[in-house]
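Student: how does the following fold in three dimensions:
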Amino acid sequence: MVCLYEDELEKVAEIVSRYFDVIDVTDKVSAVESTEASFGYKGLHLDLRLNAQQAALPENVAYAHIPFELQVRTIIQDSWSVLDHKIKYKKSIPAELKRRINVLSALFELADREFRQIRDATDAELLRAVDETANPEDPETGDDSRRQAVAMGSELNAFTFLKIAQHFFKDFEFDPHKVDLFVEDVRDWVPSITRSRFNALMRENIAVVKRYKQFFDEQNPGSSFNPYTVIRHCLYLGDKAVFRRALRNSSREAFEAWLLVNVPVQNL
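Tutor: So this is what the prediction gives:
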């Protein structure tokens, strides 16, 4: 079993212990880290067998007495174990090359640690993002608006975008890579956009856009009108000149035709 981060190994072991009897545990992570100047293969090995409840199930009777091993590693540990085995154990190599392999192993271990720390720092940054539902509008006028936004820590970025987007779309899983690309697009349209301005555009226009989404879904069964599409329509409705590029021509024309019939001009 391959995990993303090293601190997930013990979580997997805890979950597994609910369904299986743990005969033995070999913690190669602790073994390597407790040895001075030692690097190499790391992971968590669990010797298991079905627990009484699982063994009593008719479909498991034939396997109830058979123990087995589960190896749990991070992606980096798994990559290293494959490479290390291919290089070190398939042929005889000089001591100097083995030393270089140990250096590489140390770098793999450092990468595992860094990825975990970056994850933790990213999560902490997201938690620190200001809750836009309570913030007043930031000023958007003047040639210095972008510099002011940066100075005030109010510039729209992936963290503040997520904070706002998850407020409006609580059940949607926002992919980090797609978030980065989408925020780049928004900032390309309006380089000085702040999180407060983005939040205001969402709040002011999402009710109308949700009505249009319902109409669109009814007219186009099977088509996708996902949260990113909703956001694009909210931005366009908020400022049609600035956010014209948020919608393709066909989408913009269909939206405008619906608005003409369903939304009074004074509300636009």
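Student: tell me the pLDDT of the most centrally placed residue in the chain.
Tutor: Most central in the chain under C-alpha atoms, centre = their mean is Pro176, positioned 4.4 Å from the mean C-alpha point. The predicted local confidence for Pro176 comes out at a pLDDT of 85.
Student: and the closest residue in space to it that isn't next to it in sequence, what does it touch?
Tutor: In space, not counting the residues next to it along the chain, Pro176 is nearest to Ala158; the distance is 7.4 Å by C-beta to C-beta, 6 or more residues apart in numbering. To be clear about C-beta, it is placed using only N, CA and C from the backbone, and glycine gets the same treatment. Shown here is Ala158, whose contacts under the criterion C-beta atoms under 8 Å, 6 or more residues apart in numbering are 176, 179-180, 183.
Student: please apply the same query to Asp21.
Tutor: Contacts of Asp21 were listed using C-beta under 8 Å, 6+ apart, and they are 48-51.
Student: those helices in the stretch 51-200 of the chain, which residues are they?
Tutor: 52-55, 75-88, 95-128, 145-151, 158-168, 176-189, 195-219 (DSSP state H, counting those that start in this stretch).
Student: where in the protein is pLDDT low?
Tutor: Confidence mapping of the chain against pLDDT under 70 gives the ranges 28-41, 88-92, 122-153, 265-268.
Student: what is the nearest of the contacts of Asp21 to Pro221?
Tutor: When these are compared for distance to Pro221 (C-beta to C-beta), Leu50 comes out closest, at 45.8 Å.
Student: from Gln53, how far out is the nearest residue to that closest one once chain neighbours are set aside?
Tutor: Using C-beta to C-beta, 6+ apart and skipping residues adjacent in sequence, the residue nearest Leu50 is Ala64, 5.4 Å away. Distance of Ala64 to Gln53, given as C-beta to C-beta, to the nearest Å: 11 Å.
Student: of these two, which one has the most company?
Tutor: The residue with more neighbours, out of Ala64 and Gln53 and counting by other C-beta atoms under 10 Å, is Ala64; that gives 14 against 10.
Student: ok, that one to Pro176 distance?
Tutor: If you measure Ala64 against Pro176 using C-beta to C-beta, the figure is 43 Å.
Student: again, but for Ile66
Tutor: As judged by C-beta to C-beta, Ile66 and Pro176 stand 41 Å apart.
Student: same deal with Ser192?
Tutor: Computed with C-beta to C-beta, the distance linking Ser192 and Pro176 is 24 Å.
Student: what does Ser250 give?
Tutor: In terms of C-beta to C-beta, Ser250 sits 29 Å off from Pro176.
Student: swap in Leu83?
Tutor: Between Leu83 and Pro176 the distance, using C-beta to C-beta, works out to 27 Å.
Student: leaving out chain neighbours, which residue sits closest to Val190?
Tutor: Val242 (5.8 Å).
Student: wait, that neighbour sits on Trp189?
Tutor: Yes - taking contact to mean C-beta atoms under 8 Å, the distance of 6.4 Å between Val242 and Trp189 places them in contact.
Student: and Ala52, how many neighbours?
Tutor: The burial metric for Ala52, expressed as a neighbour count using other C-beta under 10 Å, is 8.
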